[in-house]
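K.L.:
Need coordinates for the below:
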Amino acid sequence: MVNNDNNWKAMTDAAIIREIGAYVKHQRLQQNRTQELTASAAGLNRWTISQLENGEPVSLQSLIQILRALDLLHVFEAFRIEKKISPLQLAKMEHQQRERASKNLKTKNENDWLW
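P.N.:
The predicted structure follows:
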C-alpha cells in the first residue's frame, strides 16, 4: 500500500500482508504514535500491532480496530457498493416526470369573487 506501483495480482498473499503491515507502520510513525499507544487506542495488545507491522497475518477485526485507532478507515472506500442507474432507467424516470401543469384545474366560480 505504501508503494503504488505494486502489481497486486502478481503478489502472493504473504507479500500483500507485508505491504499492509508496512502501510500501517508508516501511517503510525507519521502520526508519531508508538505501538503501545496505538494498541491501547485499538483495544488490542502491542504484540498484535507488532505482528501486523512485521508482515504476519492478523484477524480482519484486529486490522479494522488498528485502522480505526489510526483514523484510517477511509481505505475501505474501495469496498463501497454504489447503486448506479442505467441510462435507460434514467430516461424512463425523466419521461415520467411532469412536464407542465394539468389543464383540468378546477377554477373558482365567478360568484366566488363577488362581494
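K.L.:
Could you check the pLDDT of the nearest residue to E53 once chain neighbours are set aside?
P.N.:
Closest residue in space to E53, ignoring its immediate chain neighbours: K25 at 4.2 Å, by Cβ to Cβ, 6 or more residues apart in numbering. Glycine gets a C-beta too; all of them are placed from N, C-alpha and C. Per-residue confidence (pLDDT) for K25: 97.
K.L.:
what separates the host helix or strand of K25 from the chain centre, distance-wise?
P.N.:
Assigned by DSSP states H and E, K25 belongs to helix 13-30. Put simply, helix 13-30 sits 19 Å off its chain's centre (Cα atoms, centre = their mean, to the nearest Å).
K.L.:
what packs against that helix?
P.N.:
Helix 13-30 is packed against helix 46-53, helix 60-69, with contacts defined by 3 or more Cβ pairs under 8 Å, 6 or more residues apart in numbering; DSSP states H and E.
K.L.:
how about 10 Å then?
P.N.:
In terms of contacts (3 or more Cβ pairs under 10 Å, 6 or more residues apart in numbering; DSSP states H and E), helix 13-30 is packed against helix 35-42, helix 46-53, helix 60-69.
K.L.:
Give the closest residue to M11 in space, chain neighbours not counted.
P.N.:
Nearest residue to M11, sequence neighbours excluded (Cβ to Cβ, 6+ apart): E19, at 7.4 Å.
K.L.:
Could you do P57 as well?
P.N.:
Nearest residue to P57 in three dimensions, chain neighbours excluded: I17, at 5.4 Å (Cβ to Cβ, 6+ apart).
K.L.:
cool, A41 as well?
P.N.:
Sequence neighbours aside, A69 is the residue nearest to A41 in space, at 3.8 Å (criterion: Cβ to Cβ, 6+ apart).
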